[in-house]
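Q: Okay, sequence plus prediction incoming.
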Amino acid sequence: MRRVRADEYAEFAAARAGHLYRSACLLTAGDTYLAEDLVQETLGRLYVHWGRVSRASNPAGYAQTVLTRTFLAHQRRRSSTERATAVLPDVAVPSAGADVTMRLTLVEALAQLAPKDRAVVVLRYWEDRSIEETAGAMNVSSAAVRTRCVRALARLRALLGEELGEYAAH
Amino acid sequence: MPVEHRDDQFEDRLGAALRSAGGTFDADRTALVAGGETRGRRLRTRRRTAVVSGAAAIALVGVGGALVTPWGGDGTGQRAVGAGGTTVGPGDASPSAGAATAPVPVSGAQLLNTLKELLPSGKLSEQKSRGTASKKGPYAYAVFDDGKGAAALSLSLHRIVPGSGQARQATECPDKAFVPYDDCVTSPLPGGALLRIVKGYEYPDRRVDTKLWTADLVTAAGAYVSVMEWNAAAEKDAPVSRPEPPLNSAQLKTLVADPAWLRAVNAIPASATVETPPVASAPEEVESDDIVTALTGLLPRGLSVVGKSKPDTGFGYVVVDDGKGKSFVQINVQPNSQDLEKELFGEGSGAVTRPDGIKVVVRQGPGDDKGKGLVMRTADALWPDGLRVVVSAFNSASQITGPTRANPALTLDQLKTIATDSRWQQLQPVPN
């Protein structure tokens, strides 16, 4: 990699690593080890293709798409469709002031979604992407995203219900 | 489930909650960035190595009948270097950066020699082997006779993605509902390796009682050593020559865990890397946890569920007992199956079209697998939108074991009711 490009990449990676990691933590429902692994894998792929990535209109969005696909590919390889809900993976020590209980509840609820449903929720409500953009990132039809989204919301509403209301209100 | 109901307020709150929860996760960013760059360099090096070594750098796993586990865990298609697959242990042959030094190949003859040294005293014949430079992957085969009967024995070496489905398949005990075996033990070894020893049979339906015992070792760095031994002089079509294969569990462990094999795995050239993650283009399928939950909910009263399937896709089973013995109930939920209409629900099939448009066929007969008194009842339903739901009940505890009772625990009518329940429509994933 040429010097200028290498600097550009390093700057980009340093700026985006934190956000990618947080996305990965939500995608993996709090499995911070896997999240680190996914982020490094994502950054590794961006490094290899930096020439192309840097020319993209939105490199940050591109990085998020690579992360989502890396996560989904990982889930496929595991060939198990849902994370065991009884065993919650390690959750990193939260920063001061966070509503720990709510976060644990939210992460637990995410863990009960199928990985693809979780990816839809993260892209739609964490990344604020439209249905079309979410569909593009996951390489599925927008109808598929809509269906998953409705299903995931119903599940989350059932799991979180009022607790989410109380949380958002304070 | 209120499928049509939308609640914007809930969506807003969810967004706020996610941002708040997500914001509390923090990691050592410098380490993440450094790790990413290391992986990037490694990926690039592998790509270059792959170009240099050309045809030698093809996928090295899952080739040849002898390498395929009898329960079908052939693990083909596991070529992607994935998120979980980049742990580089001290034994990993991947060059760290820059210089791509080729490892010294290990020949087939060397592998056979090592095998000979590690086996108890006896005679070896019909020796065959491939070295680490072979496109099909390293392999050694011989007929071993310790004086108590000739026995075929094979060893194969692979490199696989640690933590991958393939690694799991090689080290988890298979589901007894599909594969008969007498014993299966998985044990951790020092250094993070996992060893699985299965004492099973060459033919899952046991039409011939040839025993097949396997030892599979997968290290933390993804080295995979597999040994198989039979109580016959050939894998198939040879008479049983002795009551059991020659090596017992302890001997299998000693053989499979010898460090010599790991050195040979290190000599396997790095396989070609898939550069970008495969996109999620696989057909949408129903997830089996959902299937099993729904199936359980639809069972008639008086049946208790005594077993159920491991996660899979589009498929699930439960084992039920009504007090008269175990009965295996399996189900497939397959969206977009319109193409099967003519074949399975066409003329002569006995299909009945219900007022709601669902076509249903019921069948009763011997089990899929060679009779032995097995009775299998099936209800097969094709919905107007192409969703197919097939439910079968057996008079046995699994598809491959003998009868436990005269008839399955569910009647054809009960199966029909399950197959046509509207719950399947709700589970159906996505109209793509």
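A: Happy to help now that I have it.
Q: residue ranges of the helices in the stretch 251-400 of chain B, please?
A: For the stretch 251-400 of chain B, applying DSSP state H, counting those that start in this stretch gives helices covering B:259-266, B:288-298, B:341-345.
Q: can you put those in CSV and add mean pLDDT?
A: Output for those, formatted as CSV (pLDDT from 0 to 100):
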stretch, mean pLDDT
helix B:259-266, 90
helix B:288-298, 82
helix B:341-345, 77
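Q: May I see the buried residues of the longest helix belonging to chain A?
A: Counting by DSSP state H, the longest helix found in chain A is helix A:142-169. By 16 or more other CB atoms under 10 Å in any protein chain shown, the buried positions in helix A:142-169 come out as A:144-157, A:159-160, A:164, A:167-168. Heads up, the C-betas are built off the backbone N, CA and C, glycines and all.
Q: Repeat that for stretch B:128-147.
A: Buried-residue list, stretch B:128-147, by 16+ other CB under 10 Å: B:129-134, B:137-145.
Q: Send me that stretch as CSV with only the CA atoms.
A: Taking Å, rounded to 0.1, in the frame of the first residue of the first chain, the C-alpha atoms of stretch B:128-147 are listed here in CSV:
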residue,chain,number,x,y,z
LYS,B,128,-1.8,-46.2,-0.3
SER,B,129,-0.9,-42.6,0.4
ARG,B,130,-0.8,-39.0,-0.7
GLY,B,131,1.6,-36.3,0.5
THR,B,132,0.9,-32.8,1.7
ALA,B,133,1.5,-31.4,-1.8
SER,B,134,-1.3,-33.6,-3.3
LYS,B,135,-4.3,-31.7,-4.6
LYS,B,136,-6.6,-34.1,-2.8
GLY,B,137,-4.9,-33.6,0.5
PRO,B,138,-2.6,-35.8,2.6
TYR,B,139,-3.8,-39.3,3.3
ALA,B,140,-2.6,-42.7,4.3
TYR,B,141,-4.3,-46.0,4.0
ALA,B,142,-3.3,-49.6,4.9
VAL,B,143,-4.7,-52.9,5.9
PHE,B,144,-3.4,-53.6,9.3
ASP,B,145,-3.3,-57.1,10.8
ASP,B,146,-2.2,-57.6,14.4
GLY,B,147,-2.7,-61.4,14.1
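Q: biggest separation within the buried residues of stretch B:128-147, which pair?
A: Greatest spatial distance in the buried residues of stretch B:128-147: B:133 and B:145, 30.1 Å, computed using CB to CB.
Q: Show me what the nearest residue to residue B:111 once chain neighbours are set aside bridges to in the sheet.
A: Nearest residue to residue B:111, sequence neighbours excluded (CB to CB, 6 or more residues apart in numbering or on different chains): residue B:140, at 4.4 Å. On the basis of DSSP bridges, residue B:140 is bridged to residue B:129, residue B:155.
Q: tell me what the longest helix of chain A is packed against?
A: If you count contacts as 3 or more CB pairs under 8 Å, 6 or more residues apart in numbering or on different chains; DSSP states H and E, helix A:142-169 packs onto helix A:100-111, helix A:115-121, helix A:131-138, helix B:8-23.
Q: same question for it, mean pLDDT?
A: Helix A:142-169 carries an average pLDDT of 75.
Q: relative orientation of it and helix B:288-298 in degrees?
A: If you take axes from the mean of the first three to the mean of the last three CA atoms, to 10 degrees, helix A:142-169 sits at 80 degrees to helix B:288-298.
Q: Do I have it right that residue B:131 meets residue B:111?
A: Yes - contact between residue B:131 and residue B:111 holds when scored by CB atoms under 8 Å: they sit 6.9 Å apart.
Q: Quick check: neighbours shared by these two?
A: Counting by CB atoms under 8 Å, 6 or more residues apart in numbering or on different chains, the residues touching both residue B:131 and residue B:111 are residue B:138.
Q: Can you tell me the closest non-neighbouring residue to residue A:120?
A: Distances taken as CB to CB, 6+ apart put residue A:148 closest to residue A:120, at 4.5 Å, once the chain neighbours are dropped.
Q: before we move on, what about residue A:115?
A: Nearest residue to residue A:115, sequence neighbours excluded (CB to CB, 6+ apart): residue A:75, at 4.2 Å.
Q: Chain A versus residue B:219, what's the distance?
A: Distance of residue B:219 to chain A, computed by CB to the nearest CB, to the nearest Å: 18 Å.
Q: Neighbours of residue B:187, how many?
A: Residue B:187 sits with 12 neighbouring residues when counted by other CB atoms under 10 Å in any protein chain shown.
Q: Kindly report the same for the one 10 residues further on.
A: Neighbour count for residue B:197, taken as other CB under 10 Å: 22.
Q: Is it in contact with residue B:251, as I believe?
A: No - Residue B:197 lies out of contact with residue B:251 (CB under 8 Å); the separation is 10.5 Å.
Q: quick one: the nearest residue to residue B:162 once chain neighbours are set aside and chain A, what's the gap?
A: Of all residues not flanking residue B:162 in the chain, residue B:222 sits nearest, at 4.2 Å (CB to CB, 6+ apart). Applying CB to the nearest CB, the value for residue B:222 to chain A is 13 Å.
Q: Show the pLDDT at residue B:222.
A: Looking at residue B:222, its pLDDT stands at 85.
Q: Quickly find the element holding residue B:115.
A: helix B:108-118 (DSSP states H and E).
Q: Any idea what the residue nearest to residue B:183 when sequence neighbours are not counted is bridged to?
A: Nearest non-adjacent residue to residue B:183, counting by CB to CB, 6+ apart: residue B:199, 4.3 Å away. Residues in a beta bridge with residue B:199, per DSSP bridges, are residue B:183, residue B:213.
Q: List the contacts of residue B:199.
A: Each residue near residue B:199 by CB under 8 Å, 6+ apart is listed here: B:181-184, B:211, B:213, B:249.
Q: Of these, just say which sits nearest to chain A.
A: residue B:184 (19.1 Å; CB to the nearest CB).
Q: quick one: contacts for that closest one?
A: Taking CB under 8 Å, 6+ apart, one finds B:173-174, B:196-200 in contact with residue B:184.
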